[in-house]
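Participant: Please work out how this folds:
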Amino acid sequence: MAEERLQRRLAAILSIDVVGYSRLMGMDEAGTLSRLNALRRELVDPRIAAHSGRIVKLMGDGALVEFASAVDAVTCAIEIQKQLMEHDAGGSDADPIRFRIGINIGDIIIEGDDILGDGVNIAVRIEGIAEPGGISISEDVWRQVQGKVAADFVDIGEQSLKNIATPVRVYRVQLGEGSATKPTAPALALPDKPSIAVLPFQNMSGDVEQDYFCDGMVEEIITGLSRIKWLFVIARNSSFVYKGKSIDVRQVGRELGVRYVLEGSVRKAANRVRITGQLIEAESGAHLWAERYDRPLEDVFALQDEITLSVVGAIEPSLRQAEIERVKRKRPNSLDAYDLVLKAIPHIYTVMPEGAAKAIPLLTDALALEPDYALAHGFAAWGHEILFVRAGMHEENRRSAIRHAHEAIAHGRGDAMALTLGGFVVSIVERDRVAAVEAFDAALGVSPSSAFTYLLGGAALGWAGEAERAITWGERGLRLSPVDLPFGPFIAMSLGNFQLEHYTEAANAARRAIQANPGFTACHVLFAAALAKSGRIDQAKAAAANVLALQPSFTVGGFCAGFGIPPPLATPLSEALHDAGLPE
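Facilitator: Numbers count the residues shown, from 1 in each chain. As a prediction, the model looks like this:
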């Protein structure tokens, strides 16, 4: 019955988008908005009205328009683009605004003033593959307009569009002499692992002397990203050909054959410098990560190093999450070893036995395809460690955790994440703290900005009784990446402060760990212990009740044995947990 009540109609849908909108806004927010509003008022809206179009919605960088006729939609688009070219020819703008337009015709669903459905989605996706200053249309539109509008069309073949089940044949509208839609070289094939280009950062300071600072920072970021073994990074000489040019990240992605693009800007004022960075998915133009750094300009090279480490450390987990989302869209029968690891990671990150049990078969399949895959061994080691510590301390999990940990270290000499996972499990399960620290140091040697190493390694150091180093690593990890394994640094800081008898700080860190991962028993255990030591026994007993609610079989002795906690830490921790009412 609900389906029968849906209002539907056939319509031509035009999607229009501003090329490089984020970059233009970063350069001159007020000026860009003023120019864009003027173009809409003087050029775009009158053309839409002249062809009986209805503006369905306006976004900051584009619009969605409905037409009753495909001919009207295409004619309107051609007039907009040609008038915009004439406007640009006047040379009034140093960095002119350009549009990208996509048009589809299809069945749409009416919901109030909005329109929904595949007919709309395809128009938006076709707009995404249009050339800057150009128009792309679906085959259905082409059938309706050929011979009826004054334009030629180029068949660019079937296109696989994001989140559209079947490929769509697309035609490019030839706008004639002076068109911005010049023939382009075929898109380079994407490599078999995540790929990124770091574009030259824009010097917004008005001081050409700062170019060296911008370029040096980009070079250092490229070097830092190149240390990430699973990432394909375009060399400086290739990405710097775009310096000083008005570019579109989608075009960059096609020309360089990369899935992701990092762009940014630098603005120096008085004795401070502001640096912005944006990580963009090249195909869709979607922003995956953005950050701004404000620093005093005291030691320019130390500042450059600090921001480079921060940017690289933040990008790595953002890229990994983007890859995890990408692989969710792949067909199950097309998954390779890398994809299987990506599918396993979200299950492992729960740090729960149920998640580990789901991840291990995926990792086993990955290792069957690639037996020396260090990262797969590392996550398998972690999965078995979770099962060992939290699901009964079974000997087979202990042996498997140690075996995979050593394989991860042996095969992962150039992979910071594999080394970190191996070191963590060796520390917790095998209790070889020396080998663990060697693995962590090797990981930081490979990737000094590895937030993952500081996050997971800091927790391992905390359980091993290294108080001050645990706090330092936790703080460093949190600074580099506040979203990747967010409870890890708080575990490290709680353990470190507890050992230093800073019980209020230990309780505060444990509380934040609980907020980040409320289902992880250890967070509640540390909270109860810190509260007990600070004399808040009633609150400690409430925290202890949460421990038993999560893990009814919990015992203090089993907990200390599971994490291999050394006596200098185990003794005061056990005393505090007994005071909180937890069983021996």
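
Participant: where do the strands sit along this structure?
Facilitator: For the chain, the strands defined by DSSP state E cover 7-18, 54-59, 62-67, 99-111, 114-116, 135-138, 152-159, 168-174, 195-198, 202-203, 232-233, 260-269, 272-281, 287-296.

Participant: Would you mind finding the most buried of the ones you listed?
Facilitator: Most buried of the strands of the chain, by mean neighbour count (mean count of other CB atoms under 10 Å): strand 135-138, with a mean of 29. No exception for glycine: its C-beta is placed from N, CA and C like everyone else's.

Participant: For that strand, output the C-alpha coordinates as CSV.
Facilitator: Presented in CSV, the C-alpha positions along strand 135-138 are these (Å, rounded to 0.1, in the frame of the first residue of the first chain):
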residue,chain,number,x,y,z
ILE,A,135,28.1,18.7,-20.1
SER,A,136,27.6,15.0,-19.9
ILE,A,137,24.3,13.3,-20.6
SER,A,138,22.9,9.7,-20.3
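
Participant: Just name whatever secondary elements it is in contact with.
Facilitator: In terms of contacts (3 or more CB pairs under 8 Å, 6 or more residues apart in numbering; DSSP states H and E), strand 135-138 is packed against helix 70-89, strand 99-111, helix 118-129, strand 168-174.

Participant: now the angle between strand 152-159 and the first one, please.
Facilitator: Direction vectors for helix 70-89 and strand 152-159, defined by axes from the mean of the first three to the mean of the last three CA atoms, to 10 degrees, enclose an angle of 110 degrees.

Participant: Span of stretch 477-492 from start to end?
Facilitator: End-to-end span of stretch 477-492 (CA to CA, to the nearest Å): 10 Å.

Participant: Look up how far V233 lies from the residue nearest to the spatial centre of the chain.
Facilitator: Nearest residue to the geometric centre of the chain (CA atoms, centre = their mean): S318, 2.5 Å. Distance of S318 to V233, given as CB to CB, to the nearest Å: 15 Å.

Participant: Surely G264 is in contact with T276?
Facilitator: Yes. Taking contacts as CB atoms under 8 Å, G264 lies within contact range of T276: 5.4 Å.

Participant: if I pick G519, what's in contact with it?
Facilitator: Applying CB atoms under 8 Å, 6 or more residues apart in numbering to G519 gives the contacts T350, M352, L550.

Participant: try 10 Å
Facilitator: By CB atoms under 10 Å, 6 or more residues apart in numbering, G519 lies in contact with T350, V351, M352, E354, G355, L550.

Participant: Of those, select the buried ones using a ChimeraX command.
Facilitator: Of the contacts of G519, the buried ones go into a single ChimeraX selection, burial set by 16 or more other CB atoms under 10 Å:
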select :350,351,352,355,550
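
Participant: Spit out the contact partners of the residue lying closest to D113 once chain neighbours are set aside.
Facilitator: Once flanking residues are discounted, D113 sits nearest to V56: 6.9 Å by CB to CB, 6 or more residues apart in numbering. By CB under 10 Å, 6+ apart, the residues touching V56 are 11, 13-15, 63-66, 108, 113-115, 120.

Participant: before we move on, the earlier item: can you name the two of the contacts of G519 that sit furthest apart?
Facilitator: G355 and L550 (14.5 Å; CB to CB).

Participant: Run through the stretch 451-584 of the chain and note the low-pLDDT ranges.
Facilitator: For the stretch 451-584 of the chain, applying pLDDT under 70 flags the ranges 481-485.

Participant: so where's the stretch 251-400 of the chain shaky on pLDDT?
Facilitator: Scanning the stretch 251-400 of the chain for pLDDT under 70 picks out the ranges 300-301, 329-334.

Participant: now with 90?
Facilitator: Where the stretch 251-400 of the chain drops to pLDDT under 90, the residues are 251-260, 263-339, 342-343, 346, 349-352, 389-393.

Participant: mind listing the helices for it?
Facilitator: 300-328, 337-349, 353-369, 374-390, 395-411 (DSSP state H, counting those that start in this stretch).

Participant: most neighbours per residue, which of those?
Facilitator: Of all the helices of the stretch 251-400 of the chain, helix 374-390 carries the top mean neighbour count, a mean of 27, counting by mean count of other CB under 10 Å.

Participant: who touches E42 in this structure?
Facilitator: When contacts are counted by CB under 10 Å, 6+ apart, E42 touches Q83, H87.

Participant: mind checking how far it is from I196?
Facilitator: From E42 across to I196, the span is 39 Å (CB to CB).

Participant: and the closest residue to D432 other than its chain neighbours, what pLDDT?
Facilitator: Using CB to CB, 6+ apart and skipping the chain neighbours, the partner closest in space to D432 is V426 (5.1 Å). The per-residue pLDDT reported for V426 equals 96.

Participant: Enumerate every residue touching V426.
Facilitator: For V426, the contacting residues are 381, 385, 401-402, 405-406, 408-409, 432-439, 460, by CB under 10 Å, 6+ apart.

Participant: Any idea what the residue nearest to F99 when sequence neighbours are not counted is bridged to?
Facilitator: Leaving aside its sequence neighbours, F99 sits nearest to I16 (CB to CB, 6+ apart; 5.4 Å). For I16, the beta-bridge partners under DSSP bridges are A63, I101.

Participant: Hmm, I101 and I16 touching each other?
Facilitator: Yes. In this structure, I16 is within contact of I101 by CB atoms under 10 Å, at 5.0 Å.

Participant: Now the common contact residues for these two.
Facilitator: Going by CB under 10 Å, 6+ apart, residues that sit against I16 and also against I101 are G62, V65, C76, A77, I80, Q81, A123, E127, A130, I135.

Participant: I'm done for today, thanks for sticking with me.
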